[in-house]
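Undergrad: Fold the following, please.
(chains A, B, C and D)
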Number of protein chains: 2
Amino acid sequence: MEYIEAKNKFIQAWGTLGSSWGINKAMAQIHALLLISPEALTTEEIMEELKISRGNANMNIRALIDWGIVEKEHRIGERKEYFSTGKDILELARQVSKERRKREIAPILKVLEQVQDVSGDNEKLTNEFKNVTEDLKGFTQKVDGMIEKFTRSDKNWFYKLLMKL
Amino acid sequence: MEYIEAKNKFIQAWGTLGSSWGINKAMAQIHALLLISPEALTTEEIMEELKISRGNANMNIRALIDWGIVEKEHRIGERKEYFSTGKDILELARQVSKERRKREIAPILKVLEQVQDVSGDNEKLTNEFKNVTEDLKGFTQKVDGMIEKFTRSDKNWFYKLLMKL
DNA sequence: ATAAACTTTCAATATTTATTGAAAGTTTAA
DNA sequence: TTAAACTTTCAATAAATATTGAAAGTTTAT
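TA: Below is the predicted model:
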């Protein structure tokens, strides 16, 4: 398969995958492009490659920086900003896990906690509610702890874990 | 907190969480409602509780059934269909993992494989491409294996795993 | 201080995705 | 059969989300 075809296929697939993970297409595609690019790219180059507008490129590059998975590079004698992403996939997974933990798990745990001290006269209803939200909270906390460990641990932890399974 | 307030808060939060996981709001809310309901519910009751249309209710109930996390119940002497979801959170997580594995991991692995035999004259470009997609494939396969194990294993596997950490 | 080079913002617009509701389809009991 | 009771479908519509592009903002070299 020709490079250009492979590249487009990969960028396309990454974009689609992103969409089903709450990451918008452009953001995922910019990331894919940076992943396979040996050199850091400018906003201009990203716009050109992905056929997206300046505003779109800029906003999504910022979002990626905000997620901690893309970095600015400055080159001496140049005004332009160059962008790159780390090529270590495990590190990428760690960063994404960390962000999602912060953005999603923390809020749902908060709600589960709030909702825990429910009161009402229909015991069957309130009991079921308490049971389910309690279980959910317990499970969520366990998963949370696991992700926390994953994000903090050293590079080999994950592979050691895989061995144990 | 009053039952009705807690219930609404929970359903709302579950809907929001669903949205950032590629599960639409109504689908997530129907699931939330069934989770906390001690009895199986009819389409009518679900429509009423969530203030959604018949079509919406029906389609999303079907989708939940399709995901394997909601079940039909028939009652003797009644024409109506009743719907319920399992209350075992671990089992739910297992089912969701299984579906996402099928729907998301399998396709991306397929693309990564296809794209692997790239050719081109720019060695720097093609090498970087091969390296990244190879790494990505390796990592994805490892995660895939882990999920596969999780979905197949017995009830205590997950808790034993947590102990090991 | 100026202007060229670049980045950011955001209202307008387009695209995608979800929802409605009425009509068509199906099942069951009599 | 028939008709009531229920479920499913789907074109139209609404809602949510992403994208554009031009204008405003910022930075830097001179």
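Undergrad: mind checking how far the nearest residue to A:Lys25 once chain neighbours are set aside is from B:Val111?
TA: Distance criterion CB to CB, 6 or more residues apart in numbering or on different chains; nearest residue to A:Lys25, sequence neighbours excluded, is A:Gly15 at 4.3 Å. Placement of C-beta: from N, CA and C, glycine included. A:Gly15 sits 11 Å away from B:Val111, going by CB to CB, to the nearest Å.
Undergrad: do the same with A:Val132
TA: A:Val132 is 38 Å from B:Val111, by CB to CB.
Undergrad: Same question for A:Lys25.
TA: In terms of CB to CB, A:Lys25 sits 15 Å off from B:Val111.
Undergrad: What residues of the least confident helix or strand in chain A by mean pLDDT count as buried?
TA: Within chain A, no helix or strand scores below helix A:157-164, which has a mean of 78 by mean pLDDT, DSSP states H and E. Within helix A:157-164, the residues that qualify as buried are A:Phe158, A:Leu161, counting by 16 or more other CB atoms under 10 Å in any protein chain shown.
Undergrad: Run the angle between that helix and helix B:157-164 for me.
TA: 130 degrees (axes from the mean of the first three to the mean of the last three CA atoms, to 10 degrees).
Undergrad: packing partners for helix A:157-164?
TA: Under the contact criterion of 3 or more CB pairs under 8 Å, 6 or more residues apart in numbering or on different chains; DSSP states H and E, helix A:157-164 touches helix A:123-152, helix B:123-152, helix B:157-164.
Undergrad: gap between the first one and the chain center?
TA: Going by CA atoms, centre = their mean, to the nearest Å, the spacing between the C-alpha centre of helix A:123-152 and its chain's C-alpha centre is 22 Å.
Undergrad: Likewise for stretch A:115-128?
TA: 36 Å.
Undergrad: Is A:Thr43 in contact with A:Met59, as I believe?
TA: No - contact criterion CB atoms under 8 Å: A:Thr43 and A:Met59 do not qualify, at 10.7 Å.
Undergrad: sec struct for the spatially most central residue of chain A, please.
TA: Centroid-nearest residue in chain A, with CA atoms, centre = their mean: A:Val96, separated by 3.4 Å. Of the three states, A:Val96 takes helix under DSSP: H, G, I helix; E, B strand; the rest coil.
Undergrad: Chain A against DNA strand C: which residues are in contact?
TA: Neighbours of DNA strand C within chain A, by CB under 7 Å from any atom of the strand: A:19, A:42-44, A:54-55, A:58-59, A:61-62, A:78-81.
Undergrad: And these, which of them are buried?
TA: The buried subset of those - by 16+ other CB under 10 Å - is A:Thr42, A:Thr43, A:Ile61.
Undergrad: Neighbours of A:Glu2, how many?
TA: Using other CB atoms under 10 Å in any protein chain shown, A:Glu2 has 11 other residues around it.
Undergrad: ok, it touching B:Asp117?
TA: No - A:Glu2 is beyond contact range of B:Asp117, at 10.6 Å (criterion: CB under 8 Å).
Undergrad: Distance to DNA strand D for the helices and strands packed on helix A:157-164 - can I get that in a markdown table?
TA: Below are the helices and strands packed on helix A:157-164 laid out as a markdown table (distance: least, CB to the nearest atom of the strand, whole Å):
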| stretch | distance to DNA strand D |
| --- | --- |
| helix A:123-152 | 22 |
| helix B:123-152 | 22 |
| helix B:157-164 | 31 |
